[in-house]
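>>> Kindly generate the corresponding structure for this input.
(one chain, ligands or ions: 2)
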Amino acid sequence: MDNTCEICHQHAPADCYLCDGCVYRMRAWLRELPRQLPLLQDSLQPDTGPARRGSSGRAHSPIPVRVDVLDLLGPGHVVLLDDPHGDQSAGVPISALLAGWARYLASEHQAVRYDRHGTQRLEPCNGAVPRRGTGIAAWCSWLTAYLPYAVTRPWAADMYKQLDDLVHRVRGITRTTPRRHVMDAPCPGCSAFALVSKDDEWHISCEACTVRLSPDEYAEHRARIMPALAAIALQIAAAQQAAA
Ligand SMILES: [Zn+2]
Ligand SMILES: [Zn+2]
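Ligands and ions are numbered 1, 2, ... in the order given. The predicted structure follows:
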């Protein structure tokens, strides 16, 4: 197995199918999903828009709830991902998708047990049992706890893509995007003030070129460049004062 991330093709740690940046994103999505639930519930009622004067009324009654939101929130069927390479995420509700992956993961995970003679045995896990019930938040915490294992399995990229699709479907309905912050140091590649950090991204990326820095690399770069930038700014201010 080569150490290339199957999602972004950057370097991945030994025995992992995904790089740290992509795993960071998955962890952020699993944190975000429970926070999206109240917004999704608020979106259940169709947006009927402003009342129009002189309207002759509707030919049919409106559907009382949005079907796309109901799809996401519904219990659905728990999808046993016998074939994780299949395209099973389309239209799958949030809890069914999360529970499906948790059960699939548990079926492969080796549980350590001790028999009555005290001998250690490795057996498949009995199943995924989140401590905090079987709600969406509980499945998200469970999957987060097992991410370090999931990332060593050949289906890690399938799980990534299905979570990616799910989070984007949810964000599309709740009209939310991760917060972004423009960093104060310019890009080391193109000098533009276009380095941006986002809530669900480990890396700080330049929006004007392809530069991508880890938080440590950015801190180092900033520490190196900011004193020089501050000195230039002071010189400009002094020159302006002298000219005035
Ligand atoms: Zn990656
Ligand atoms: Zn750049």
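
>>> Break the protein into its domains for me.
By the assignment in automatic domain parsing, the chain contains the domains 1-46+64-177, 178-244.

>>> how about the strands of this structure, start to end?
Remark: strands of the chain, listed N- to C-terminal, are 110-114, 120-124, 180-182, 195-198, 204-206, 212-213; assignment by DSSP state E.

>>> pLDDT averaged over the first one - what is it?
Put plainly, it is strand 110-114. The average pLDDT within strand 110-114 is 66.

>>> low-scoring stretches of this protein, by residue?
Low-confidence segments of the chain (pLDDT under 70): 1, 47-63, 76-91, 110-113, 120-133.

>>> How about residue 203, nearest residue that isn't a chain neighbour?
Taking CB to CB, 6 or more residues apart in numbering as the measure, residue 203 lies nearest to residue 212, with 4.7 Å between them; neighbours along the chain are not counted. Any C-beta I mention is one placed from the backbone N, CA and C, and that applies to glycine too.

>>> Contact partners for the one you found?
Residues touching residue 212, when contacts are defined by CB atoms under 8 Å, 6 or more residues apart in numbering, comprise 203-206.

>>> One more: residue 157?
With contact set as CB under 8 Å, 6+ apart, residue 157 has these partners: 6-7, 17-18.

>>> Which residues of the chain lie near ligand 1?
Taking CB under 5 Å from the ion as the test, the list of the chain residues beside ligand 1 reads 5, 7-8, 19, 22.

>>> does ligand 2 sit close to the biggest helix by length in the chain?
Under DSSP state H, the helix in the chain containing the largest number of residues is helix 215-243. No. Shown here: helix 215-243 not in contact with ligand 2 (CB under 5 Å from the ion), separated by at least 11.5 Å.

>>> Return the set of buried residues in that helix.
Within helix 215-243, the residues that qualify as buried are 218, 221-222, counting by 16 or more other CB atoms under 10 Å.

>>> Check stretch 192-200 too.
Using 16+ other CB under 10 Å as the test for burial, stretch 192-200 gives 194-198, 200.

>>> Out of the residues you listed, flag the one nearest to residue 100.
Distance to residue 100, by CB to CB, is smallest for residue 200 among those, at 22.2 Å.

>>> For residue 144, see how far away that closest one is.
From residue 200 across to residue 144, the span is 13 Å (CB to CB, to the nearest Å).

>>> same question, residue 157
Residue 157 sits 18 Å away from residue 144 when distances are taken as CB to CB.

>>> Next: residue 230.
Residue 230 sits 40 Å away from residue 144, going by CB to CB.
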